[in-house]
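> just the structure for this:
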Amino acid sequence: QVHLVESGGGLVQAGGSLRLSCAASGPINTRPMAWFRQAPGKEREFAAGINWNGTSTFYADSVKGRFTIYRDSAKNTGYLEMNYLKPEDTAVYYCAAEGRSYYRGVQTSPVDYNYWGQGTQVTVSS
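Numbers count the residues shown, from 1 in each chain. Purely as a prediction, here's the structure:
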């Protein structure tokens with residue numbers, strides 16, 4: 001079983017930066033991970049994903065060039081570095097992990113992820 005806990009959210013001004021962390025317990029180092037986000041009144045959307053060994057990443061167009069996803073296997077933790085934040089980045093951010101191991105690609109649909117954290121709020125003021 002995999003348990004995920006996000007941290008690092010908060011309130012930041014437009015143009016600022018935040019780093020989200022996703023601490024995992026259980027067998028996470030062989031599974032692809034991703035960050036999704038959900039703004040009030042909107043569906044949960046994919047933001048960034050990374051494959052099981054960190055050799056492949058994929059980003060939504062809306063965050064490409066501003067966000068960076070990476071993972072530290074030694075710490076069993078995934079990260080989302082967010083720079084040049086915009087008010088439209090305001091959302092609850094969720095960490096997710098796939099159920100299958102050693103998958104070399106990155107999935108962008110929430111249905112492909114079996115494990116989810118509780119979410120962390122990110123608010124960007126203008």
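> which strand residues bridge the most centrally placed residue in the chain?
Residue closest to the mean C-alpha point of the chain, counted by C-alpha atoms, centre = their mean, is residue 35 at 2.1 Å. Taking DSSP bridges, one finds residue 48, residue 95 as the beta-bridge partners of residue 35.
> list the contacts of it.
Residues in contact with residue 35 (C-beta atoms under 8 Å, 6 or more residues apart in numbering) are 20, 22, 47-49, 67, 69, 78, 80, 93-96. Glycine gets a C-beta too; all of them are placed from N, C-alpha and C.
> just the buried members of those residues?
20, 22, 47-49, 67, 69, 78, 80, 93-96 (16 or more other C-beta atoms under 10 Å).
> check the residues you listed and tell me the two furthest apart.
Pairwise distances across the buried ones among the contacts of residue 35 (C-beta to C-beta) peak at 15.2 Å, for the pair 67 and 96.
> low-confidence stretches in the protein?
Low-confidence segments of the chain (pLDDT under 70): none present.
> on that earlier part again, need the contacts of residue 35 in a markdown table with distance to residue 60, can you?
Supplementary listing: the contacts of residue 35 in a markdown table, determined by distance: C-beta to C-beta, whole Å:
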| residue | distance to residue 60 |
| --- | --- |
| 20 | 15 |
| 22 | 17 |
| 47 | 5 |
| 48 | 7 |
| 49 | 9 |
| 67 | 8 |
| 69 | 11 |
| 78 | 16 |
| 80 | 12 |
| 93 | 12 |
| 94 | 14 |
| 95 | 15 |
| 96 | 14 |
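> so which of those residues is the closest to residue 121?
Among the contacts of residue 35, and counting by C-beta to C-beta, the member closest to residue 121 is residue 93, at 7.8 Å.
> so the closest one touches residue 120, yeah?
Yes. Between residue 93 and residue 120 there is a contact under C-beta atoms under 8 Å: 5.4 Å.
> what is in contact with those two at once?
6, 9, 20.
> just give the number of residues close to the first one.
Read that as residue 6. 22 (other C-beta atoms under 10 Å).
> C-alpha coordinates for the strand or helix carrying it, PDB please?
Following DSSP states H and E, one finds residue 6 within strand 3-7. Coordinates of each C-alpha in strand 3-7 appear next as PDB, following Å, rounded to 0.1, in the frame of the first residue of the first chain:
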ATOM      1  CA  HIS A   3       0.400   6.600   1.300                       C
ATOM      2  CA  LEU A   4       1.100  10.100   0.000                       C
ATOM      3  CA  VAL A   5       1.300  13.300   2.000                       C
ATOM      4  CA  GLU A   6       1.700  16.700   0.300                       C
ATOM      5  CA  SER A   7       3.200  19.800   1.900                       C
END
